[in-house]
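K.L.:
please find the sequence and the predicted model below.
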Amino acid sequence: MVKNNKIWQIGLVMLLCCIVAVSGCTTTENTTTSDTSGTNASSTEDVLVTVNYNGNWGGSASGEFGYKELSGNGEQTVNLGKISGILTVSTWTTAGTGPMSLKITRGDETLGEQSNSYPSATVTITV
């Protein structure tokens, strides 16, 4: 009887291990990464953020799509992809002074822009 009970326990443990292994192999988690090191290939439906500052800068883009950290040096364009809804983009630097500009476009259309004599910019729009 004890031997039969041990076999039952071992079988149950093996079954649970199989269920855990299979469920871990069938996740549907989607991850998206984007290159923020320069201009990315884009379609006319993609939203692009162009930052121009004479030096290193950082920033963020957030909205219904989630959150994306931005960084670069000089003038760079970041492709946010095909997004919709409210979009807020903020850029800044702590490395110096001088003008900074931020422009958000889709195709040939400018959706929002800001240029400042100080090194920060924020634009909130609906895309």
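P.N.:
Thanks, I have the structure now.
K.L.:
could you confirm residue 51 falls within a helix?
P.N.:
No: read with DSSP: H, G, I helix; E, B strand; the rest coil, residue 51 is strand and lies in no helix.
K.L.:
around the nearest residue to it once chain neighbours are set aside, how many other residues sit close by?
P.N.:
For residue 51, the nearest residue in space outside its immediate sequence neighbours is residue 91; the separation is 5.1 Å by Cβ to Cβ, 6 or more residues apart in numbering. To be clear about C-beta, it is placed using only N, CA and C from the backbone, and glycine gets the same treatment. The local packing of residue 91 (other Cβ atoms under 10 Å) involves 26 other residues.
K.L.:
give me the pLDDT for residue 91.
P.N.:
According to the model's per-residue confidence, residue 91 sits at a pLDDT of 94.
K.L.:
which residues touch it?
P.N.:
Taking Cβ atoms under 8 Å, 6 or more residues apart in numbering, we find residue 91 in contact with 51, 53, 57-59, 70, 100, 102, 120-122.
K.L.:
closest one of those to residue 7?
P.N.:
residue 70 (59.1 Å; Cβ to Cβ).
K.L.:
leaving out sequence neighbours, find the closest residue to that closest one.
P.N.:
Counting by Cβ to Cβ, 6+ apart, the nearest residue to residue 70 once its immediate chain neighbours are dropped is residue 59, at 4.0 Å.
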